[in-house]
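S.K.: Structure for this input, please:
(one chain, ligands or ions: 1)
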Amino acid sequence: MAQDGDTQCEEPQVNMYTLEELRKRNSAKDLWLVIHGRVYDITKFVEEHPGGEEVLFEQAGADATESFEDVGHSIDAREMLKQYYIGDLHPDDCKNQGQKDVLLTTSSSSSSSWSNWLIPAVAVVLLGFMYRFYMVDSRSS
Ligand code: HEM
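M.R.: Reported below is the predicted structural model:
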């Protein structure tokens, strides 16, 4: 008999793939790539790709995040990705990428907080000087 404890929903199962496994999927018959830690089987899409087959073969079996972003793909292109999604990159292979992201975020956010107050502060000091000189000038003439 079903009890209260039995009615829990199960976590959706996500397939995990290592970069090692991915490397083998680099042919026209079997073409996978990773974008933002997600694995896509784009074998059927290769011929339809508006950017051509060649660029996809260059990235086949590897992480194509950078090249995908460099092109500046449209929202439509990003939507298309969903239908080819087959799983996630294994966390062991994601580690380095994740750390890179964190480092980038931290350093960029700390540098932006610097410029957040430094630029207005310099502007205020400059304005102060300009005002002073203007007043001295107008008094002496
Ligand atoms: C499976 C993932 C991909 C999908 C679904 C996809 C989809 C698309 C789509 C729909 C376009 C038309 C323009 C747009 O809507 O942005 C496009 C153009 C293009 N894509 Fe991809 N693409 C993928 C991966 C890649 C990768 C890995 C590269 C590597 C360099 C690439 C390079 C290009 C280039 C060069 C164009 C032409 C851009 C232009 O003519 O301005 N794509 N792609």
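
S.K.: Residue 32 bridge partners, please.
M.R.: On the basis of DSSP bridges, residue 32 is bridged to residue 41.

S.K.: Next up, the contacts around it.
M.R.: Contacts of residue 32 were listed using C-beta atoms under 8 Å, 6 or more residues apart in numbering, and they are 17, 22, 25, 26, 39, 40, 41, 42, 43, 60, 61, 86. For every residue, glycine as well, the C-beta is placed using N, CA and C.

S.K.: can you do 6 Å?
M.R.: 22, 25, 39, 41 (C-beta atoms under 6 Å, 6 or more residues apart in numbering).

S.K.: what about the second one, neighbour count?
M.R.: By the measure other C-beta atoms under 10 Å, the count of residues near residue 25 is 19.

S.K.: Now do the same for it: its pLDDT.
M.R.: Per-residue pLDDT puts residue 25 at 96.

S.K.: thinking again about what came up before, in JSON lines: the contacts of residue 32, plus secondary structure and distance to residue 56.
M.R.: Output for those, formatted as JSON lines (DSSP: H, G, I helix; E, B strand; the rest coil; distance: C-beta to C-beta, whole Å):
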{"residue": "22", "secondary structure": "helix", "distance to residue 56": "14"}
{"residue": "25", "secondary structure": "coil", "distance to residue 56": "12"}
{"residue": "39", "secondary structure": "strand", "distance to residue 56": "14"}
{"residue": "41", "secondary structure": "strand", "distance to residue 56": "12"}
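
S.K.: Closest one of those residues to the ligand?
M.R.: Closest to the ligand out of the contacts of residue 32 is residue 41 (9.4 Å), distances taken as C-beta to the nearest ligand atom.

S.K.: This protein against the ligand: which residues are in contact?
M.R.: Applying C-beta under 6 Å from any ligand atom, we find that the chain lies next to the ligand at 40, 42, 45, 49-51, 55-56, 59, 64, 67-68, 71, 73-74, 76-77, 80-81, 84.

S.K.: Please consider this matter closed, and thank you.
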